[in-house]
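J.: quick one, fold the following:
(chains A and B)
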Amino acid sequence: MSTDPFDREIRRRLKDYKSPVPEHLLDNVLKRRKRRAPFFGGGLASRAMLAAIALLLAFGLWYGLNRSEKQEIHTKDVPKEVIPAGKQQKHAQANLSEPTIPTPPAATNETKSASAENQKTPSPSKPDKASQAANAARSKSSTPAPLKADRQKNKTTSPSLAPATAQTETPINKDAASTQSAMQTEVPSLSSQTSEGPFTEDQKLRESQADIAFVPTALLPALPESHLRSDLQFHLKPECAKFQNKERRFYFDLLASPDIALRSIRPKEEQSVPLALKRLETETIKQSYTLGARLTTVSPHGWSLRSGFQYTQINERFAYEGETEERIIIKIIYDDQGQIIGTDTVYESYTPYYASNNVYRLFDIPLMAGYQIDMKRFALIFHGGLHFNLFLSPEGTFFSPEMQPVAFSEIPAFRKRASLSLAAAFGINYRLTPRLELLFEPRFRYFLSPFTTKDYLLEQQYMLIGLNLGARVQL
Amino acid sequence: MTERELIEGCIREDRSCQEELWRRHAGRLLSICRRYARHDMEAEDLLQDTFIRIFDKLKDFEHKGSFEGWLNKVAVRTSLKNCNKSSFQKEKIGIDPGYDQAVEPEAISALSEEELIRLIQDLPEGYRVIFNLAVIEGYSHREIAEQLGIKESTSRSQLVKARNILKKKVLALKKDYYEHRPL
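T.: Numbering: from 1, shown residues only, chains lettered A, B, ... in the order given. Here you go, the predicted structure:
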């Protein structure tokens, strides 16, 4: 702490000095606190609204994340006989891991053994280890009754197959003959299986698909049409896997936007014209901005809906010149030795200049609908809708009707909530990764009513033009 | 009403307690704000901000130190937020900083508190803030430098300049007073 006598004396005089306080200031303080309360800690309605927003966001996130865990490429099952032998193992594993249709253990074993059999051509006399393992697996697993009957039919038809295949001497038929005998060795073991317990349609389908794998492709043309099962006929026509992305998509967007606020101040009566002119003269527009987070959902046809939370800050500068004042400047005159020989007193008139910043803070919930056109890496988006204002918080100074600079809080000029506003945007998205996109979105927003109250002498209304820049993540 | 009761009442948002707190401390806090502000209107804004902050943060007061000291600190911090940082570096006025003339305490005693506050308000912003922090609040130059994000040497030199300006103004006022006093 300074020990200079001059400092000590000033400190002594001013340390506990109490200035006279204008009475209305406490009311202003309490009003300002109350005005902030509804959003941050106050009213039940505001809390409920906050909770609803939080729930909406949480649900969106949960739904999006849940969806992303599911398989996104939808395929139709491809018959195993059209898949090259080397790839059948993989196909069987893919069937195992498919989450939508639960695979019973019987089908699993059969599918595995089937692929093993296809990799090694079975010899008619000596069934190899793979087919033995398959038989063992089948004997352990349960077989549906209809399927059992089917297999029995195969068994009964197999004697007639032998002469049919013997008539031709092509290498294919040689292979078919060998396979046929493998079937014959297999069939008794199949027939020995017993059906235990109920079976669902899915399980039947699995069983039948696994069973097809046992029938070599080369043998099929030799079979009479009546011996082919309907599902077998269906699978004979190979069908490529289809990739689908035609489901509702969810996105989470984070945005920041530099804005230009276009303001109009209109007098309600002729007497208010000087006040309007004074305010237009003393308040100038500065750079404003908007920050936001929102959830967007896009339908398979491109229609989209978005909502979220948005903070907008409109900045203005309030500056004015005060009345001309006079000040006394005393110049001390020294001689050559540095001794004071006199003083010059100068009376100088000057105009004080005061400046401060005015800020209008808006918290909104946007609700917008639109259309999205997806291209390769780009997407074009058109959106329009409404912004619901949660609250408006103006802070700053302006000229009162008495032409005195006063704080906003001293005159009830502004509404607690801004009106509905119309908004529209045209956006271009650029996809960086399959799930991450960059947003460029020129937009405008027009407030349907003024920020000012009905009783205030002027109407102060805004329109915002901005450019949303941000990132979008697919959920 | 004890201080603790007053604080607890304010935390409960009891209007009478808030009025009592205002009645006890607003005058002193307004003096602080006036010393940091350029004019009284700005000081009143600062006082409002200070009390909003006080009412918001009262629940954090731990009753360990002096309550008055805590209130003063809130007022000083709120006032400092209003200052333009660049003013500590840029402001220069054409008075020889090397000149240091002794001013007798009587010269200050002759001035009222209001006059002293006006003299301080007339200082350039950077000088005004550093003079207040160093001389009246009693912060060291290191603490000032940390708070304002400036060098210690800047704080020292600006304090010397501020003091010299004030001394000259006090002397001038004294001289003016003696010249114009009724005989």
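
J.: low pLDDT regions in the stretch 201-350 of chain A?
T.: Counting by pLDDT under 70, the ranges of the stretch 201-350 of chain A that qualify are A:201-246.

J.: who in it is up against chain B?
T.: Neighbours of chain B within the stretch 201-350 of chain A, by CB under 8 Å from any CB of the partner chain: A:Ile328, A:Ile330, A:Ile332, A:Thr343, A:Thr345. All C-beta spots, glycine's among them, are computed from the backbone N, C-alpha and C.

J.: is the fourth one bridged to anything, and to what?
T.: Note on A:Thr343: beta-bridge partners by DSSP bridges are A:Ile332.

J.: in which helix or strand would I find A:Arg431?
T.: Following DSSP states H and E, the helix or strand that holds A:Arg431 is strand A:421-433.

J.: sheet-wise, list the partners of that strand with their directions.
T.: According to DSSP bridges, strand A:421-433 forms sheet pairs with strand A:378-395 (antiparallel), strand A:436-447 (antiparallel).

J.: point me to the residue of the stretch 151-300 of chain A nearest chain B.
T.: As assessed by CB to the nearest CB, chain B sits closest to A:Thr282 within the stretch 151-300 of chain A, at 14.4 Å.

J.: look through chain A and tell me its longest strand.
T.: In chain A, assigned by DSSP state E, the strand with the most residues is strand A:353-374.

J.: with just CA atoms, put that strand into PDB.
T.: What follows is strand A:353-374 as a C-alpha-only set of coordinates in PDB (Å, rounded to 0.1, in the frame of the first residue of the first chain):
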ATOM      1  CA  TYR A 353     -18.600  12.500 -26.200                       C
ATOM      2  CA  TYR A 354     -20.300   9.500 -24.700                       C
ATOM      3  CA  ALA A 355     -20.500   6.000 -26.200                       C
ATOM      4  CA  SER A 356     -21.600   2.600 -25.100                       C
ATOM      5  CA  ASN A 357     -22.900  -0.600 -26.600                       C
ATOM      6  CA  ASN A 358     -26.500  -1.700 -26.800                       C
ATOM      7  CA  VAL A 359     -27.200  -5.400 -26.900                       C
ATOM      8  CA  TYR A 360     -30.400  -7.300 -27.700                       C
ATOM      9  CA  ARG A 361     -30.200 -10.900 -26.800                       C
ATOM     10  CA  LEU A 362     -32.800 -13.400 -28.200                       C
ATOM     11  CA  PHE A 363     -33.300 -17.000 -27.300                       C
ATOM     12  CA  ASP A 364     -35.400 -18.800 -29.800                       C
ATOM     13  CA  ILE A 365     -36.800 -22.200 -30.800                       C
ATOM     14  CA  PRO A 366     -36.800 -22.500 -34.600                       C
ATOM     15  CA  LEU A 367     -39.300 -24.800 -36.300                       C
ATOM     16  CA  MET A 368     -38.700 -25.100 -40.000                       C
ATOM     17  CA  ALA A 369     -39.700 -27.400 -42.800                       C
ATOM     18  CA  GLY A 370     -38.100 -27.800 -46.100                       C
ATOM     19  CA  TYR A 371     -36.800 -30.000 -48.900                       C
ATOM     20  CA  GLN A 372     -33.400 -31.500 -49.400                       C
ATOM     21  CA  ILE A 373     -31.900 -32.600 -52.700                       C
ATOM     22  CA  ASP A 374     -29.000 -35.000 -52.300                       C
END
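
J.: list the buried residues for it?
T.: Of the residues in strand A:353-374, those with enough neighbours to count as buried (16 or more other CB atoms under 10 Å in any protein chain shown) are A:354, A:356, A:358-360, A:362-366, A:368, A:370, A:372.

J.: A:Thr282 against A:Glu316, yeah?
T.: No: under the criterion of CB atoms under 8 Å, A:Thr282 makes no contact with A:Glu316, lying 9.8 Å away.

J.: from the buried residues of strand A:353-374, list the ones also adjacent to chain B.
T.: Counting by CB under 8 Å from any CB, the subset of the buried residues of strand A:353-374 that neighbours chain B consists of A:Tyr354, A:Ser356.

J.: need the buried residues of strand A:353-374 in a markdown table (columns: pLDDT and distance to A:Arg415).
T.: A markdown table is the format used below for the buried residues of strand A:353-374 (pLDDT from 0 to 100; distance: CB to CB, whole Å):
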| residue | pLDDT | distance to A:Arg415 |
| --- | --- | --- |
| A:Tyr354 | 84 | 27 |
| A:Ser356 | 87 | 22 |
| A:Asn358 | 91 | 16 |
| A:Val359 | 92 | 16 |
| A:Tyr360 | 92 | 11 |
| A:Leu362 | 92 | 11 |
| A:Phe363 | 91 | 14 |
| A:Asp364 | 91 | 14 |
| A:Ile365 | 90 | 17 |
| A:Pro366 | 90 | 19 |
| A:Met368 | 91 | 23 |
| A:Gly370 | 90 | 29 |
| A:Gln372 | 88 | 35 |
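
J.: now, which of the buried residues of strand A:353-374 sits nearest A:Gln404?
T.: The shortest approach to A:Gln404 among these belongs to A:Tyr354, at 12.0 Å (CB to CB).

J.: could you list everything that closest one pairs with in the sheet?
T.: Applying DSSP bridges to A:Tyr354 gives these bridge partners: A:Tyr320.

J.: how's chain B carved up into domains?
T.: What the record gives for chain B is the domain set B:1-82, B:84-183, from automatic domain parsing.

J.: that'll do, ta.
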